[in-house]
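>>> Okay, structure incoming, though there's no sequence with it:
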């Protein structure tokens, strides 16, 4: 059997990272931040992106006792960065169009 080092840490940081992205996505839906009906695409980008980003960044800090909390925060931050960038780009496009 092939042994992958620290596979458990990677797996267990994907879940909190995805949960952070999901929490931020749902908060954005509740705040009516999304202008179109592409919820499934945005959901995937924010939740899966948050999970993958968290797993990648937290792997360096795998010895920290707060690794799962850090993964959740990184997943949330990923989603928030995307939301803020999307809002800024939308405002620029709307300003350019009239």
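It's in. Note that the structure is predicted; figures quoted are calculated from it, not measured.
>>> pretty sure residue 83 contacts residue 33?
Yes - with contact defined as C-beta atoms under 8 Å, residue 83 reaches residue 33; the gap is 5.9 Å. No exception for glycine: its C-beta is placed from N, CA and C like everyone else's.
>>> Any stretches of the protein with poor pLDDT?
For the chain, the stretches with pLDDT under 70 are 1-6.
>>> Between residue 83 and residue 33, point out the one with more neighbours.
Higher neighbour count among residue 83 and residue 33: residue 83, with 19 against 15, using other C-beta atoms under 10 Å.
>>> quick one: the more buried one and residue 26, what's the gap?
Per C-beta to C-beta, to the nearest Å, residue 83 is found 12 Å from residue 26.
>>> max-length helix in this protein?
helix 67-97 (DSSP state H).
>>> Now find how far off-centre it is within its chain.
In terms of C-alpha atoms, centre = their mean, to the nearest Å, the centre of helix 67-97 is found 9 Å from the chain centre.
>>> now stretch 15-26
The chain centre lies 6 Å from the centre of stretch 15-26; the measure is C-alpha atoms, centre = their mean.
>>> Residue 64 contacts residue 70, correct?
Yes - the pair residue 64 / residue 70 is scored as a contact, 6.7 Å apart, by C-beta under 8 Å.
>>> Neighbour count: the two, which is higher?
residue 70 (18 against 11).
>>> residue contacts, the closest residue to the more buried one other than its chain neighbours?
Computed as C-beta to C-beta, 6 or more residues apart in numbering, the closest residue to residue 70 that is not its neighbour in sequence is residue 58, at 5.3 Å. Residues in contact with residue 58 (C-beta atoms under 8 Å, 6 or more residues apart in numbering) are 9, 13, 17, 67, 70-71, 74.
>>> element containing residue 58, please.
Per DSSP states H and E, residue 58 falls inside helix 39-58.
>>> so what does the helix or strand where residue 20 lies touch, helix or strand wise?
Element membership for residue 20 (DSSP H and E) is helix 7-30. The contact analysis (3 or more C-beta pairs under 8 Å, 6 or more residues apart in numbering; DSSP states H and E) places helix 7-30 against helix 39-58, helix 67-97.
>>> Could you single out the most deeply buried of those helices?
Most buried of the helices and strands packed on helix 7-30, by mean neighbour count (mean count of other C-beta atoms under 10 Å): helix 39-58, with a mean of 19.
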